[in-house]
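> below is the sequence, then the predicted model.
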There are 2 protein chains.
Amino acid sequence: MEIFRLHHRINRDPRIDTHLALVARIFGIEKVYYSGDKDSEWEDGIYRVVGKFGGNLKLEHVKEDIKFVKNFRGVKVHLTVYGIDFRKKIKDVNEEKNVLLIVGGEKVPPEIYQLSDYNLSVSNQPHSEIAALGIFLYEFFGGKFKKFKGEIEIGENERGKTILKS
Amino acid sequence: MEIFRLHHRINRDPRIDTHLALVARIFGIEKVYYSGDKDSEWEDGIYRVVGKFGGNLKLEHVKEDIKFVKNFRGVKVHLTVYGIDFRKKIKDVNEEKNVLLIVGGEKVPPEIYQLSDYNLSVSNQPHSEIAALGIFLYEFFGGKFKKFKGEIEIGENERGKTILKS
C-alpha cells in the first residue's frame, strides 16, 4: 500500500499533510507521494520524526498527478466523501498486491474519480481526510500498528510519560 | 460522550480543530468543549457545516481547563501518545454513561494526566490527534456513523458525485 496525497500547498497544508504522512507511518506504510507544491521543509519535518522514531517512510513529489495515477500499476483507491462505504470493498482491496490510496482535498479533478478502481468513503459526511485515512487504514490493516525500533520509543503509561532512548 | 479539545489557538488551529469537531459529528457527538482562545469565526465555520448537513453539534468555550476537567461528573478519558493501548480499556469506557474524551495537543498540563480516569493511546507513535480521535470513536461506536437529515445529503456513488438537496 502506498499513499498519494493530491495537491499539497506549501503555504496552507504542511501541518495537515504532516498528520497524513505520520498516520500512514503508524501502519507501516513506506511511501507517500504528493502532488502540488514541492515542499522540502515539510519533507524535512517528517524525516526528522522518522529519524527519531524509526521506520522507512519516504516522501516523493509527483509533478503530474493525473498522469501518475494513470500510469500506476496496481489498484487505485480514491478516498472521497462521495464514494461508497469503504467497508463494502475493503476485502477486495485487501486482496490486491499494489494499492495506491489517493487522498484528495477540496478540488479533485474528475479524472481521479474516473481513473480510480474504487471511490470509497468513510461516511458520506464532510469531516477530515486525516481521520478518513486513519479509519480506512485501521480497517485495512486489521487494527495492527507497526512496531518500530527508533532512537526514541514511547512506552505505555497509565498516568504519565515513559520515554525510552537508545 | 462529549469531547474536550485543549488549548485552541486562534492563529494556528482553526483548520485542525475543524477537522476534530467534524470527526466528532460523524459519530453523532453533540458537544465539543474547547479551551484556549475563544474563536467565534471558527465556531461559525463549523455551525455552517452543521446548518447544511444537519445534526445538533454544539461548541462551548471553557475558560479554565483543569478546573473544568476536575468538576466534570463522569469518566474522563485522555487521548495521548503516552497512554496505554485504547483497546485495553474501550469496553470499560463504553459501559460508562458520561464520558469526557479529552484531546490534547503539544503541551498538556500534567494535571490532565492525573485527573483523567484513563490515559489512552492510539499507538505510541506520534501521528495525529485527528486520526487518533477518529479511530477511537470508530471503535467506541462500533463502526456506526450517525445518519443525518440535512439540507444537503451526499449519496454513495461509485464514480462521481451524488448531492441531494432538500
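Great, that's in hand.

> what pLDDT, on average, does the longest strand seen in chain A get?
Scanning chain A for the longest strand, with DSSP state E as the assignment, gives strand A:75-85. On average, the pLDDT along strand A:75-85 is 98.

> likewise for stretch A:111-128?
Averaging pLDDT along stretch A:111-128 gives 98.

> how far does it stretch from one end to the other?
22 Å (C-alpha to C-alpha, to the nearest Å).

> likewise for stretch A:107-125?
16 Å.

> can you list the buried residues in it?
A:108, A:112-113, A:115-125 (16 or more other C-beta atoms under 10 Å in any protein chain shown). Just so you know, the C-beta spots here come from the backbone N, C-alpha and C atoms, and that holds for glycine as well.

> equivalent analysis for stretch A:3-16, please.
A:3-8, A:13-14, A:16.

> mean pLDDT per helix and strand in chain A: which one sits at the bottom?
Using mean pLDDT, DSSP states H and E, the weakest-scoring helix or strand in chain A turns out to be strand A:162-165, at a mean of 94.

> if we can go back for a sec, closest to chain B out of the buried residues of stretch A:3-16?
A:I16 (6.6 Å; C-beta to the nearest C-beta).

> how about the strands in chain A?
So, for chain A - with DSSP E - the strands run A:2-8, A:31-36, A:58-61, A:75-85, A:99-103, A:118-121, A:152-155, A:162-165.

> in TSV, list these along with distance to chain B.
Shown next, in TSV, are these (distance: least, C-beta to the nearest C-beta, whole Å):
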stretch	distance to chain B
strand A:2-8	13
strand A:31-36	13
strand A:58-61	15
strand A:75-85	4
strand A:99-103	12
strand A:118-121	6
strand A:152-155	4
strand A:162-165	7
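
> need the nearest residue in space to A:F145, chain neighbours excluded.
Excluding its sequence neighbours, the residue lying closest to A:F145 (C-beta to C-beta, 6 or more residues apart in numbering or on different chains) is B:S123, at 4.2 Å.

> my error: substitute A:F68 in the last question.
A:V62 (4.6 Å).

> correct me, but that neighbour touches A:K70?
No: counting by C-beta atoms under 8 Å, A:V62 does not reach A:K70; the two are 11.8 Å apart.

> who has more neighbours, those two?
Neighbours per residue (other C-beta atoms under 10 Å in any protein chain shown) separate A:V62 from A:K70, with A:V62 holding more: 17 against 12.

> winner for burial among the strands of chain A?
A comparison of the strands of chain A by mean neighbour count, using mean count of other C-beta atoms under 10 Å in any protein chain shown, puts strand A:118-121 on top with a mean of 25.
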